[in-house]
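Visitor: Next come a sequence and a model predicted from it.
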Amino acid sequence: MSEIVIISGSPNVASRSERVLGYIGGLLEDKHFTVTHLSVRDIPAAVLFSADFSHPSVTDAAARIRGAKGVIVGSPVYKAAYSGVLKAFIDLLPQDVLESKPVLPLMTGGSPGHLLALDYALKPLLSTLKGHALKGIYLTDDVIDKNLDIPVLDGDCLSRLEKQTAYFAELVRRQHSRTHA
């Protein structure tokens, strides 16, 4: 049906946020969406460090995001905000790359004390790219087991995650049908 791009802002391939993003991708594929995963690790460090806007890895990522019907952006919390490598990646994208797209933000952190990083750090960053950021999901590390098929251990947290994902999917479907009606 529609193209969804999931962006992982984790520098660690085995992170909790990476595992939860993979689970969300599976939920969306079960709903017959085509899902593409992008990671900050897909962009060479030298490209990020030198802000090489024209590098093929950056232009390809920007084209995938621009062509998506919806985007999910996830990051672990570092120093009360998203990862620095996610910020370096976002800085290379065109200013309007998320224009009018539903965007589901996700953050994982060590304690509930970092919950506000979602509202005061990640969501404002996404709005600078003109995305329509949804409420979002924040999960603490203690409710995630990276080794399980369903990585979210807490029933209430899992329910919130699945409801937010379903709401995101419905918004993408509605927007897609409006533009093709």
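Guide: Great, that's in hand. Numbers count the residues shown, from 1 in each chain.

Visitor: can you list contacts of the helix or strand encompassing residue 21?
Guide: Under the criterion of DSSP states H and E, residue 21 resides in helix 16-30. Helix 16-30 has contacts (C-beta atoms under 8 Å, 6 or more residues apart in numbering) with 4, 6, 8-10, 12, 35, 37, 39, 72, 74-76, 104, 106-108, 139, 141, 144, 146, 150-152, 161-162, 165, 169. For the C-beta atoms, the positions are set from N, CA and C on the backbone; glycine is no exception.

Visitor: What's the PyMOL syntax to select whichever of those are buried?
Guide: Only the buried entries of these go into this PyMOL selection, using 16 or more other C-beta atoms under 10 Å:
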select buried, resi 4+6+8+9+10+35+39+72+74+75+76+104+106+107+108+139+141+144+151+152+161+162+165+169
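
Visitor: From the opening residue of stretch 136-146 to its closing one, how far?
Guide: Using C-alpha to C-alpha, to the nearest Å, one end of stretch 136-146 lies 20 Å from the other.

Visitor: roughly how far is that stretch from the heart of the chain?
Guide: How far stretch 136-146 lies from its chain's middle: 14 Å, per C-alpha atoms, centre = their mean, to the nearest Å.

Visitor: pLDDT below threshold where in the protein?
Guide: Along the chain, the model assigns pLDDT under 70 to residues 1-2, 176, 179-181.

Visitor: again, only this time at 80
Guide: 1-2, 176-181 (pLDDT under 80).

Visitor: now the helices: where do they sit in it?
Guide: Under the criterion DSSP state H, helices of the chain are mapped to 16-30, 45-50, 56-67, 84-92, 116-117, 123-128, 155-179.

Visitor: Include distance to residue 99 when you put those helices into JSON lines, please.
Guide: Putting those into JSON lines (distance: least, C-beta to C-beta, whole Å) gives the following:
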{"stretch": "helix 16-30", "distance to residue 99": "21"}
{"stretch": "helix 45-50", "distance to residue 99": "23"}
{"stretch": "helix 56-67", "distance to residue 99": "8"}
{"stretch": "helix 84-92", "distance to residue 99": "14"}
{"stretch": "helix 116-117", "distance to residue 99": "24"}
{"stretch": "helix 123-128", "distance to residue 99": "11"}
{"stretch": "helix 155-179", "distance to residue 99": "12"}
